[in-house]
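In: predicted structure and sequence below. I'll ask about it afterward.
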Amino acid sequence: MQNFVFENRTKILFGRGMERQVGEEARRFATKILLHHSGGHVVRSGLLDKVKDSLKAAGVQWVELGGVQPNPRLSLVYEGIRLCRNEKIGLILAVGGGSVIDSAKAIAAGVPYAGDVWDFYDGKGSPSEALPVATVLTIPAAGSEASPSSVITDERGPWKRGLTAECLRPVFSILNPELTFSLPPYQTACGIVDMLAHIMERYFTREDHVELTDRLCEVTMKTIVRNAPVVIHDPTNYHARAEIMWAGTIAHNDLLGTGRVGDWATHMIEHEISALYDIAHGAGLAIVFPAWMEYNLQVDVRRFARFAEEVFGVDGLFYDPEQTARQGILRLKEFYRSIGLAPSLREADIPTDKIPEMARRAVIMGPIGAYRRLDASDVEAILRLAAR
């Protein structure tokens, strides 16, 4: 087990009606905030009005910035930075899913920074300070509500890049499973794949003697897999939604990665697919992760066999660890299909002609991954497997 420092300042307010407390919580940090959202569903559902009523009752003023898109855009981040500076904003409240929260974090990092906030995403530095960010979560998926990470797309490339800095971790997040009842099945499924991938990125490690976090990872993945079909077919099942929502937070709040070295190559490969084809992040991960597993199977076949047995219940009587591991990959693909997502480029109708370009882009800042270091030829091979 590696040495580690675990720090998580995010206060979680979980359960029915918790969004009514947003004004009181926000007032602890600022009397004037940026209210950041995507528009659309949060407006139509009445959630945004509830948030505004709570803010008003607490004496908190707000400036509103909507329009966040999936794979959030740098151009809107620039607009948010300008607004925050001009209006002397003290807190950014993100109402929505991971894209809104990621956009809010980028704005928060950019406000006190004299340069271009894209510098941080382009690997030219890391922010040491940021405006506080808070969230009202509507889509369990990215885990951004309790993580220090943000992913932004620069339309000029297009480039999709991530940033991790402790100052970006939200100060509080409100999680009411009822707010997820009206999510379309596709969004629910993409979120499930995303949170599962966050755990797998940590689970597939070369680090020994991590029994506790191995078991924590396995039970969290099993909880997601068990409850996924329930929320797809019975979207107003509060208890299943609650399990999925809390699992999404635990998947990416850094607890499951303590003492371990995670990989993250799959995320970086997927970023190139969604940057070029603008697909949902979870849909891209469903395509890439089984191929990454197949390509890396021989690095530690017993870990892949353990994943198959513990998460998908593959019968250990296969005796042959490689066959057990391969059966686990097949069951992972079957799981993705069962919730409505395609586990290959072909099934997702994504062209394969840009595979070499995607491979080059994925490693433009150097080899990726920790489980196994990957260069452009490795990434291309993984994408070829994902094309089948």
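Out: Cool, the structure landed. In this text, all values refer to a predicted model and were calculated from it rather than measured experimentally.

In: confirm that Met195 sits in a helix.
Out: Yes - using DSSP: H, G, I helix; E, B strand; the rest coil, the assignment for Met195 is a helix.

In: that one touches Ala247, doesn't it?
Out: Yes - counting by Cβ atoms under 8 Å, Ala247 is a contact partner of Met195 at 6.1 Å. Backbone N, C-alpha and C define where each C-beta goes, glycine included.

In: what residues are shared contacts of these two?
Out: Counting by Cβ atoms under 8 Å, 6 or more residues apart in numbering, the common neighbours of Met195 and Ala247 are 140, 224.

In: out of those two, which sits in the busier spot?
Out: Met195 (27 against 24; other Cβ atoms under 10 Å).

In: from His36, how far off is that one?
Out: 22 Å (Cβ to Cβ, to the nearest Å).

In: go on, Glu25?
Out: With Cβ to Cβ as the criterion, Glu25 and His36 are 16 Å apart.

In: and Gly125, by the same measure?
Out: From Gly125 across to His36, the span is 24 Å (Cβ to Cβ).

In: which stretches in the stretch 1-150 of the chain count as strands?
Out: Using DSSP state E, counting those that start in this stretch, the strands of the stretch 1-150 of the chain run over residues 11-14, 32-37, 61-65, 91-96, 133-137, 149-154.

In: residue contacts, His252?
Out: 142-144, 146-147, 149, 195, 198.

In: can you add distance to Ala325, mean pLDDT and mean neighbour count and give the strands of the stretch 1-150 of the chain back as TSV?
Out: Formatted as TSV, the strands of the stretch 1-150 of the chain follow (distance: least, Cβ to Cβ, whole Å; pLDDT from 0 to 100; neighbours: other Cβ atoms under 10 Å):
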stretch	distance to Ala325	mean pLDDT	mean neighbour count
strand 11-14	35	98	16
strand 32-37	43	98	24
strand 61-65	47	98	17
strand 91-96	38	98	28
strand 133-137	34	98	29
strand 149-154	29	96	24
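
In: looking at the ones you listed, which is nearest to Gly80?
Out: strand 61-65 (5.4 Å; Cβ to Cβ).

In: outside of the lowest-mean-pLDDT helix or strand in the chain, which residues touch it?
Out: Ranked by mean pLDDT, DSSP states H and E, the weakest helix or strand in the chain is helix 41-44, scoring a mean of 91. Residues from elsewhere that reach helix 41-44, judged by Cβ under 8 Å, 6+ apart: 37, 47-48, 66, 95-96, 138, 182.

In: next, the buried residues of that helix.
Out: 41-42 (16 or more other Cβ atoms under 10 Å).
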